[in-house]
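> with the input below, show me the fold.
(chains A and B)
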Number of protein chains: 2
Amino acid sequence: MAVYTHLSAEKLGELIHAYDVGDLISAKGIAEGVSNSNWLIETTRDRYILTMYETRLDLKDLPYFLGLLDHLAAKGSPVPRTIHDREGAAYRMLDGKAVALIEFMSGVSIGTPEPQQARAVGAALAGLHKDSADFEPSRDNTMGLSAWRELLEDCGRQGLASIDPTLPDLVSEKLSFLDDNWPRQLPQSVIHADLFPDNVLMRGNEVSGLIDFYFACNDTTVYDLAVTHAAWCFDDDDQFQPDIAAALLEGYSSQRPLSAAEYDALPVLGQGAAMRFLSTRAYDWLNTPADAMVTRKDPMAFARRLNFYAETGSAAFPGCKVQS
Amino acid sequence: MAVYTHLSAEKLGELIHAYDVGDLISAKGIAEGVSNSNWLIETTRDRYILTMYETRLDLKDLPYFLGLLDHLAAKGSPVPRTIHDREGAAYRMLDGKAVALIEFMSGVSIGTPEPQQARAVGAALAGLHKDSADFEPSRDNTMGLSAWRELLEDCGRQGLASIDPTLPDLVSEKLSFLDDNWPRQLPQSVIHADLFPDNVLMRGNEVSGLIDFYFACNDTTVYDLAVTHAAWCFDDDDQFQPDIAAALLEGYSSQRPLSAAEYDALPVLGQGAAMRFLSTRAYDWLNTPADAMVTRKDPMAFARRLNFYAETGSAAFPGCKVQS
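Below is the predicted model:
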């Protein structure tokens, strides 16, 4: 959540003229994105988000991310289109950094969802999975099991223990469990892989936009549902919200019924989803200076989810329509 | 430049309903303001800036700042109106912090001004001075001479020397000089006191908005012109730009000709303006952790301006119309 780079009005105006979008009227740096800078741009034609890719992002992945947006938008998924420049390019280089102009989507991110909203999010996620079926490019999940292990090994037992004394054992036990039990034969597709409430724009009970596809990749389809479940179905005190879960799963499975194998895998996938965010949060917790102006997110929120999924099993996934 | 506080969509929606401005459609935290959080808000009616006052701001000053906006906007100055809530209040309390809803103004902040733009800024500043003549509330300048001295004494000779070896002597010499020579009999009015390019929105060569009035106060009118001169008439290498200065001063004095006494005071006021920003930059330089995600601004840019004004005298202020 930052604007890392200053762009002068002159430079912005010049950049905007590389696109057929009218003249620059207004530009505001916005506090979104963790590895890029974003501006809300208004021109005489419309509004756009300008994204400058700062760190972490591998430039070779950009055509995948931007092409995916175009593919999904064309299919009718509520995702922002990439605006191409006058030469047809999806991104340009500016001062050595890649920049892309993306459609602005209205809507607000919900803090505490209502069931109807969770249902709409589930349906939108299923839509994304279906609409991307014929998207040809592919990208490996760089935030899968081996990445979690690497991040957590980097934290070290001592580092993890400094967060919470129970964490080193939990992590080593569960990493082994996930390695041994990870479902590797389930259907794969494009997944969003990070569909937290921050990345969903809503107007009332409708999803107006799915955004921030910079973890999107090809991986187990229902793992994305497990990530979304872990992201949406717990309140601020980490208490499971069965009504939200049921609505999310109903919404998803109404559009894309799960196979029995997919349904049976959800408790393990839920533990994987929890481990994924536990790993990055623990790493960031130990590697963010305490006085940096960034809010560190509590890794233990996902340690608790990890235990919850292990203990609760399929009961954490009510309301799911399963193909007979 | 920050968003310090997280506001959920639910809380924002509720807040917006305290105003007669339609329903919330979109809200983006924007990277503006150093002591407050700002959101660009879109409703079914219009767009607004929501400001939450975080630190530094004395709540008793808020009616002055917000009342001034309303006064100036009513007179036709290009400043944003305050939106009052359904009970007529200019600000509300939210989680113990004051928040105000302010008109959104289009336009972009210029990095390197053209003379025509500087002329428009000068004219807008004169307009602000004239339009505020009958604004009754008054507020002392809390960033005047005694504040500069306090900040710089807090830095200490050693601290200042760590920035630049010439700084301790320059500061002590010039603080005495300003104390002895400060013009105390010139006309006073409301002044903006911080009219840097960041705080001016432009569309082409026209000023579309003057913003960020949180240093506004009642003080020597042409000191504001000196501040604006120090803020606009030097390039990125701190080189004086005589064509920009001439245009700024022409623009200003075409709307509000200076008295001979005002004109003669400009070289001293310019040194004062340079000292004002030198003092806060030096203080922030020494008191900002090096790894904080904030860009520290070089205090020496204003040490150089201070020397420039002392050496150049009235020649730094070309193009000024003086009452005969």
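> quick one, domains of chain A?
As assigned by automatic domain parsing, chain A contains the domains A:9-103, A:115-316.
> mind checking how far the last one is from the chain centre?
Right, the one you point to is domain A:115-316. Centroid separation for domain A:115-316 versus its chain: 9 Å, with C-alpha atoms, centre = their mean, to the nearest Å.
> which of the helices or strands spans residue A:38?
Secondary structure from DSSP states H and E places residue A:38 in strand A:36-43.
> run me through the strand neighbours of that strand, direction for each.
Sheet pairing of strand A:36-43 (DSSP bridges) gives strand A:24-30 (antiparallel), strand A:47-53 (antiparallel).
> and the contacts of it?
Identification of contacts with strand A:36-43 by C-beta atoms under 8 Å, 6 or more residues apart in numbering or on different chains yields A:2-5, A:7, A:12, A:16, A:21-30, A:32, A:47-54, A:57, A:101, A:104, A:214, B:28, B:30, B:40, B:106. In short, each C-beta sits where N, CA and C put it, glycine included.
> buried ones from those, can you make that a PyMOL selection?
The PyMOL selection below is limited to those of the contacts of strand A:36-43 classed as buried (16 or more other C-beta atoms under 10 Å in any protein chain shown):
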select buried, (chain A and resi 2+3+4+7+12+16+21+24+25+26+27+28+29+30+32+47+48+49+50+51+52+53+54+57+101+104+214) or (chain B and resi 28+30+40)
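> contacting residues around the residue nearest in space to the middle of chain A?
Centroid-nearest residue in chain A: residue A:194, 1.9 Å away (criterion: C-alpha atoms, centre = their mean). Residues near residue A:194 by C-beta under 8 Å, 6+ apart: A:212, A:214, A:215, A:227.
> can we see that at 10 Å?
A:143, A:212, A:213, A:214, A:215, A:216, A:224, A:227, A:228, A:231, A:276, A:277 (C-beta atoms under 10 Å, 6 or more residues apart in numbering or on different chains).
> how about residue A:249?
Contacts of residue A:249 (C-beta under 10 Å, 6+ apart): A:118-119, A:122, A:225, A:228-229, A:233, A:258, A:263, A:266, A:316-321.
> mind naming the longest helix for chain A?
In chain A, assigned by DSSP state H, the helix with the most residues is helix A:260-287.
> so the helix or strand that comes right after that helix, near chain B or not?
Remark: after helix A:260-287, the chain's next helix or strand is helix A:300-312, criterion DSSP H and E. No: on the criterion C-beta under 10 Å from any C-beta of the partner chain, helix A:300-312 is out of touch with chain B, staying 15.3 Å away.
> just the buried positions in helix A:300-312, please.
For helix A:300-312, burial by neighbour count (16+ other C-beta under 10 Å) applies to A:300, A:301, A:302, A:303, A:304, A:305, A:306, A:308, A:309, A:310.
> how about stretch A:221-240?
Buried residues in stretch A:221-240, counting neighbours by 16+ other C-beta under 10 Å, are found at A:221-234, A:240.
> circling back: including pLDDT, could the buried residues of helix A:300-312 go into TSV?
Output for the buried residues of helix A:300-312, formatted as TSV (pLDDT from 0 to 100):
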residue	pLDDT
A:300	96
A:301	97
A:302	98
A:303	98
A:304	97
A:305	98
A:306	98
A:308	98
A:309	98
A:310	98
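> for those, which one is nearest residue B:254?
Of all the buried residues of helix A:300-312, residue A:301 has the smallest distance to residue B:254: 61.2 Å, by C-beta to C-beta.
> residue A:196 is in contact with that closest one, correct?
No: counting by C-beta atoms under 10 Å, residue A:301 stays clear of residue A:196, with 11.9 Å between them.
> check contacts around the residue nearest to residue A:19 when sequence neighbours are not counted.
Spatial nearest neighbour of residue A:19, chain neighbours left out: residue A:85 (5.1 Å); criterion: C-beta to C-beta, 6 or more residues apart in numbering or on different chains. Counting by C-beta under 10 Å, 6+ apart, residue A:85 touches A:15, A:17, A:18, A:19, A:20, A:21, A:91, A:92, A:99, A:100, A:101.
> what about those, which one has the most neighbours?
Within those, most neighbours by other C-beta atoms under 10 Å in any protein chain shown means residue A:101, with 26 neighbours.
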